[in-house]
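Asks: prediction below, plus the sequence it came from.
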Amino acid sequence: MSKKNNSVVPHILAPFFVAAICASVVTVALIKPYDKLKMYADIAFMDKLKTDPSDDSGLVIRDNTIVSEYTGKTSSTGEVIRPKFGELYAELKCDRFDVDVPVYWGSKPELLDMGACQSSGSVVIGTEGNAVISAHVDTFFAKLSDLKKDDIITINTNYGVFTYKVKELISFNSTDRKYVVPSEETKLTLYTCKRDVLGNTNQRVGVVCEPIKSEFYTDVKEAEQ
Amino acid sequence: MKNAFSYVASIFVSVLLVFCILGVAGAGVAKLCANSNQLRNIAEKHDIDEKVYSELERYFHERSSATGIPENVYMDAIDTDYLDDIIDQIIVNGFQQLRGGNATVEMNNEELEASIDTFFNDYADSIGYKKDDKFEQKLDATKNSAYNTIREYCDVYKFGALESHGVLAKASKVYTHLDFILVGGAAIMLVLIVTLLIFNLNAPSESVYWSGVSMLIAGIIAAAPCVYLLATDYFSSFSIKQPQIYTAYTETMKLGTNAFMYTGIVLACVGLLLIIVYAITRPKNAQKKA
């Protein structure tokens, strides 16, 4: 009788062991995909219909098609095309990001809903000085804190493609202007809010990147086609 | 000792079998629900074309004071059949992109173009405005803006946004391999069941028990979250402002969740059945051995 009971107990317990192991693995494994899915959903549903130049708010959002496959000649020097406020003028790519990040010129809540924003007080990509780009941590810059030193970031514009390498990981208070002010040194500064389970945070995290390659399109008309 | 080893080994293989079953079930449900026919049926069943029409009417009405173009210039030239065709094309194209292809939406804009042309020309004539290049530019810009707005409103599943942010390209890597996941998963399931047989050579009926346990647990893991999502009406809490997109997404998610839930319930029932079969047949085996 006891032998029979001994063989029944393991069979009763087995489903619970299997369930416990599987539930733990599933819970841990789904954390990252859940974050990713939430990010994709936020991006998709925040991509609102664009306003028209005659919209009353005063913000004119211009969506351009950014060249990503230019086959013509390039040069290490050239002219930039200065964007207008609210204009989509670049696309930021990095292997560690899940999405290609559109970059708008100027910072406004409506623009931050649609992509990353470059401070209009900073320099246009491709010119000397500090180019400062920020985005929301729950959408386009969700993976910014995953960047490591020497990671490569590429920025495509309609006048050239510019490659940067991460030089420094930074963390600063929102009131500290040290990393976002103009500089003589040519660099790219990317930042976003530090994730905080309690909600809003005053801390910012990001990276400072140094330029390693500038390729200006010599035939801008071909690029725009 | 040998029994303890086969017990632990069987638990390990059962856990692997649970994930294999979940993978095959997930791929099967994705293949069944995530296709253009299903999404088009949802759009038709929930009159999404009418919702798009209402939203467009509201949009052009709100814009009319700023543009000076009454909404009837646009709305009298389009109807729900026209919108339905665009919605269908966008859905089919979206899935073509998921399969690695490319396609364009062809909009039959003759009536709309004629309506805008007529309005602009009549207006220009009424105020004696010279129809120069600037006039033509303004006319073209208005037409293109109208076509783009209509197309965006008809993109109820936001394929455009997903494609422009590089998400479709990433999703296509999984979508194009669904068949492989199904076949490969089924093959791995077979291998795992054979492994269970090997670990329980002394009592082959044990493999029926362990397979049943795996199916039962897989079924519960699949069904339980779906039951929760449907019972709490989770998808209705999405804060999407446009009714046509809200309806399209919530109904599609409900369809997928229902399908996965029923799959889980079937798996759990089959698993329970196998365990019961083992429990009924087992005592006879023990007596025979005695």
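Replies: Nice, I can see it.
Asks: so where's the chain shaky on pLDDT?
Replies: In the absence of a named chain, chain A is used. Across chain A, the ranges flagged by pLDDT under 70 are A:1-6, A:40-60, A:196-201, A:220-225.
Asks: chain B was what I was after
Replies: B:1-2, B:238-241, B:283-290.
Asks: next, the buried residues of stretch B:74-88.
Replies: B:74, B:75, B:77, B:78, B:82, B:83, B:84, B:85, B:86, B:87, B:88 (16 or more other C-beta atoms under 10 Å in any protein chain shown). Glycine gets a C-beta too; all of them are placed from N, C-alpha and C.
Asks: just those now: which is nearest chain A?
Replies: When those are compared for distance to chain A (C-beta to the nearest C-beta), residue B:74 comes out closest, at 13.4 Å.
Asks: filter the buried residues of stretch B:74-88 down to the ones in helices?
Replies: Using DSSP state H, the members of those that fall in helices are B:74, B:75, B:82, B:83, B:84, B:85, B:86, B:87, B:88.
Asks: could I get those residues as CSV with distance to chain A?
Replies: As requested, these are arranged in CSV below (distance: C-beta to the nearest C-beta, whole Å):
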residue, distance to chain A
B:74, 13
B:75, 17
B:82, 19
B:83, 15
B:84, 20
B:85, 20
B:86, 15
B:87, 16
B:88, 20
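Asks: any chance of CSV for those, columns distance to residue A:69?
Replies: Shown next, in CSV, are those (distance: C-beta to C-beta, whole Å):
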residue, distance to residue A:69
B:74, 35
B:75, 39
B:82, 34
B:83, 33
B:84, 34
B:85, 31
B:86, 28
B:87, 30
B:88, 30
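Asks: so the residue sitting nearest the centre point of chain A versus residue A:154, what's the distance?
Replies: A centroid search over chain A (C-alpha atoms, centre = their mean) returns residue A:141, at 3.4 Å, as the residue closest to the centre. Applying C-beta to C-beta, to the nearest Å, the value for residue A:141 to residue A:154 is 16 Å.
Asks: show me what from the stretch 101-250 of chain B comes close to chain A.
Replies: Residues of the stretch 101-250 of chain B lying close to chain A by C-beta under 8 Å from any C-beta of the partner chain are B:145, B:149, B:152-153, B:158, B:161-162, B:164-167, B:170, B:209-210, B:213-214, B:216-218, B:220-221, B:238, B:240-241, B:245.
Asks: out of those residues, which are buried?
Replies: Buried among those by 16+ other C-beta under 10 Å: B:145, B:149, B:152-153, B:158, B:161-162, B:164-167, B:209-210, B:213-214, B:216-218, B:220-221, B:240, B:245.
Asks: strands along chain A, start to end?
Replies: Taking DSSP state E as the test, the strands found in chain A are A:74-75, A:88-94, A:101-105, A:116-118, A:130-134, A:152-157, A:160-173, A:187-193, A:203-217.
Asks: closest one to residue B:131 among these?
Replies: strand A:88-94 (32.2 Å; C-beta to C-beta).
Asks: can you give me the buried ones in that closest one?
Replies: Using 16+ other C-beta under 10 Å as the test for burial, strand A:88-94 gives A:88, A:89, A:90, A:91, A:92, A:93, A:94.
Asks: please apply the same query to stretch B:256-276.
Replies: Using 16+ other C-beta under 10 Å as the test for burial, stretch B:256-276 gives B:256-257, B:259-261, B:263-265, B:267-268, B:270-271, B:274-275.
Asks: what is the nearest of the residues you listed to chain A?
Replies: Closest to chain A, out of all of the buried residues of stretch B:256-276 and judged by C-beta to the nearest C-beta, is residue B:275, at 8.0 Å.
Asks: can you tell me how far that closest one is from residue A:13?
Replies: Distance of residue B:275 to residue A:13, computed by C-beta to C-beta: 13 Å.
Asks: longest helix in the chain, please.
Replies: In the absence of a named chain, this looks at chain A. In chain A, assigned by DSSP H, the helix with the most residues is helix A:2-29.
Asks: let's do chain B instead
Replies: Per DSSP H, chain B has its longest helix at helix B:243-289.
Asks: thinking again about what came up before, would you reformat the strands of chain A as a markdown table and include distance to residue B:121?
Replies: Listed next are those as a markdown table, based on distance: least, C-beta to C-beta, whole Å:
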| stretch | distance to residue B:121 |
| --- | --- |
| strand A:74-75 | 46 |
| strand A:88-94 | 33 |
| strand A:101-105 | 36 |
| strand A:116-118 | 41 |
| strand A:130-134 | 46 |
| strand A:152-157 | 39 |
| strand A:160-173 | 43 |
| strand A:187-193 | 50 |
| strand A:203-217 | 40 |
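Asks: quick one: which of the ones you listed is nearest chain B?
Replies: Of all these, it is strand A:101-105 that lies closest to chain B, at 7.4 Å by C-beta to the nearest C-beta.
Asks: what angle sits between that closest one and strand A:187-193?
Replies: Using axes from the mean of the first three to the mean of the last three C-alpha atoms, to 10 degrees, the inter-axis angle of strand A:101-105 relative to strand A:187-193 is 100 degrees.
Asks: please enumerate residues in contact with strand A:101-105?
Replies: A:61, A:66, A:83-93, A:111, A:114-118, A:120, A:124, A:133, A:135, A:140-141, A:155, B:164-165 (C-beta atoms under 8 Å, 6 or more residues apart in numbering or on different chains).
Asks: distance of residue B:215 from residue B:155?
Replies: Separation of residue B:215 from residue B:155 (C-beta to C-beta): 40 Å.
Asks: circling back: nearest to residue B:194 among the buried residues of stretch B:74-88?
Replies: The shortest approach to residue B:194 among the buried residues of stretch B:74-88 belongs to residue B:88, at 46.2 Å (C-beta to C-beta).
Asks: need the contact list for that closest one.
Replies: Shown in contact with residue B:88 (C-beta under 8 Å, 6+ apart): B:40, B:43.
Asks: if you set the cut-off to 10 Å instead, what comes out?
Replies: Residue B:88 makes contact with B:36, B:39, B:40, B:43, B:44, B:49, B:105, B:154, according to C-beta atoms under 10 Å, 6 or more residues apart in numbering or on different chains.
Asks: want to throw these into a markdown table with neighbour count, secondary structure and distance to residue A:164?
Replies: Shown next, in a markdown table, are these (neighbours: other C-beta atoms under 10 Å in any protein chain shown; DSSP: H, G, I helix; E, B strand; the rest coil; distance: C-beta to C-beta, whole Å):
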| residue | neighbour count | secondary structure | distance to residue A:164 |
| --- | --- | --- | --- |
| B:36 | 16 | helix | 40 |
| B:39 | 25 | helix | 40 |
| B:40 | 16 | helix | 44 |
| B:43 | 27 | helix | 43 |
| B:44 | 13 | helix | 49 |
| B:49 | 23 | helix | 46 |
| B:105 | 17 | coil | 36 |
| B:154 | 25 | helix | 39 |
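Asks: any idea how far residue B:159 is from the most centrally placed residue in chain B?
Replies: Geometric centre of chain B, nearest residue: residue B:34, 4.2 Å, by C-alpha atoms, centre = their mean. Shown here: residue B:34 relative to residue B:159, a distance of 13 Å by C-beta to C-beta.
Asks: can you check residue B:53 too?
Replies: With C-beta to C-beta as the criterion, residue B:53 and residue B:159 are 20 Å apart.
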